[in-house]
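J.: pasting the structure only:
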């Protein structure tokens, strides 16, 4: 007699969550840059996204320590890659929303590394 093996549980990717000192500030930055609406909001957690698609979450951490990329003292913790058709225009827009441009840039012709308002690095990658 063959024993039935239970099928694996349904698991789906929901979100990438970023630790930060203020979820409202960081979620506003990413919402403005990516055009993602708020799906859930509390004082300590905000989730951006569109129904049925993976989203971005922002979690309040009281003793949050800003990443020090490229210095490994406080590792980058996480980063996202954002595809763009125009690196210069996307960089200017992100900077106008509060991103920072670190002095170290590994390859400015193919991507730009920026820091979000909480210090997380993110990449604008040319895909035109």
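T.: Sure thing, it's come through. All values reported here derive from a predicted model rather than from experimental measurement.

J.: any idea how far the residue nearest the centre of the chain is from residue 91?
T.: Among the residues of the chain, residue 80 comes closest to the average C-alpha position under CA atoms, centre = their mean, at 4.9 Å. Using CB to CB, to the nearest Å, residue 80 is found at 15 Å from residue 91. C-beta here means a position set from N, CA and C on the backbone, and glycine is covered the same way.

J.: quick one: residues contacting the residue nearest to the centre of the chain.
T.: Contacts for residue 80 (CB atoms under 8 Å, 6 or more residues apart in numbering) come out as 16, 56, 122, 123.

J.: right, and the helix or strand after the least confident helix or strand in the chain by mean pLDDT?
T.: Comparing every helix and strand of the chain by mean pLDDT, DSSP states H and E singles out strand 81-84 as the least confident one, with a mean of 84. Counting by DSSP states H and E, the next helix or strand C-terminal to strand 81-84 is helix 87-96.

J.: could you chop this structure up by domain?
T.: What automatic domain parsing lists as the domains of the chain is 14-64, 78-128.

J.: ranking the ones you listed by mean pLDDT, which is last?
T.: Of all those, mean pLDDT reaches its minimum on domain 78-128 (a mean of 89).

J.: ok, how many other residues are close to residue 20?
T.: Neighbours of residue 20 under the rule other CB atoms under 10 Å: 23.

J.: one step back: what would the domains of the chain look like in TSV with distance to residue 71?
T.: Listed next are the domains of the chain as TSV, based on distance: least, CB to CB, whole Å:
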stretch	distance to residue 71
domain 14-64	17
domain 78-128	9
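
J.: wait, which of those domains is closest to residue 6?
T.: With CB to CB as the measure, domain 14-64 is the member of those nearest residue 6 (22.7 Å).

J.: the protein: helices as residue ranges?
T.: 23-34, 87-96 (DSSP state H).

J.: for residue 61, which of those helices is the nearest?
T.: Closest to residue 61 of those is helix 23-34 (CB to CB; 9.6 Å).
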